[in-house]
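J.: Take a look and give me a structure for this.
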Amino acid sequence: MGMSGDRLLSLPTATQDILSTLDNAERLFWADLALVTRRGSVSHVRDAAVSLALIRALQASLGRAGKEGPVLATGLLGEF
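T.: Next comes the predicted model:
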């Protein structure tokens, strides 16, 4: 995403594990968002979007900001 391989290796192992878990959660929430938007369940779309924004915020706080992270988080939270 927004981190080079050198930067990822310089992080503590626990932080790398957390970031890996957050990456997996992000991938699953994007898949969930794609499914619930087809059904039109507004509350589920909102929940998935807020969860994605929180995941991006946590990733940024752990050193994986990327250029698109804050913009995406703001866009997801701004819709609700």
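J.: continuing past the helix ranked longest in the chain, what's the next helix or strand?
T.: Ranked by residue count, the top helix of the chain under DSSP state H comes out as helix 13-39. Next helix or strand after helix 13-39 toward the C-terminus (DSSP states H and E): helix 42-61.
J.: how close does the residue nearest to Gln59 when sequence neighbours are not counted sit to Arg46?
T.: Spatial nearest neighbour of Gln59, excluding adjacent residues (Cβ to Cβ, 6 or more residues apart in numbering): Leu22 at 5.4 Å. Where C-beta positions appear, they are placed from N, C-alpha and C, glycine not excepted. From Leu22 across to Arg46, the span is 20 Å (Cβ to Cβ, to the nearest Å).
J.: next one: Arg27
T.: Distance, Arg27 to Arg46, by Cβ to Cβ: 19 Å.
J.: quick one: which of these two has more around it?
T.: Counted by other Cβ atoms under 10 Å, Arg27 and Arg46 do not tie: Arg46 has more neighbours, with 14 against 11.
J.: Could you check how far the more buried one is from Gly75?
T.: The spacing between Arg46 and Gly75, counted by Cβ to Cβ, is 14 Å.
J.: Pull the contacting residues for Ile55.
T.: Applying Cβ atoms under 8 Å, 6 or more residues apart in numbering to Ile55 gives the contacts Leu22, Ala25, Glu26, Phe29.
J.: Now, of those, which are buried?
T.: Buried subset of the contacts of Ile55 (neighbour count, 16 or more other Cβ atoms under 10 Å): Leu22, Ala25, Glu26, Phe29.
J.: Could you pull up the contacting residues of the second one?
T.: Translated: Ala25. When contacts are counted by Cβ under 8 Å, 6+ apart, Ala25 touches Ser51, Ile55.
J.: What does the pLDDT read for it?
T.: The model reports Ala25 with a pLDDT of 93.
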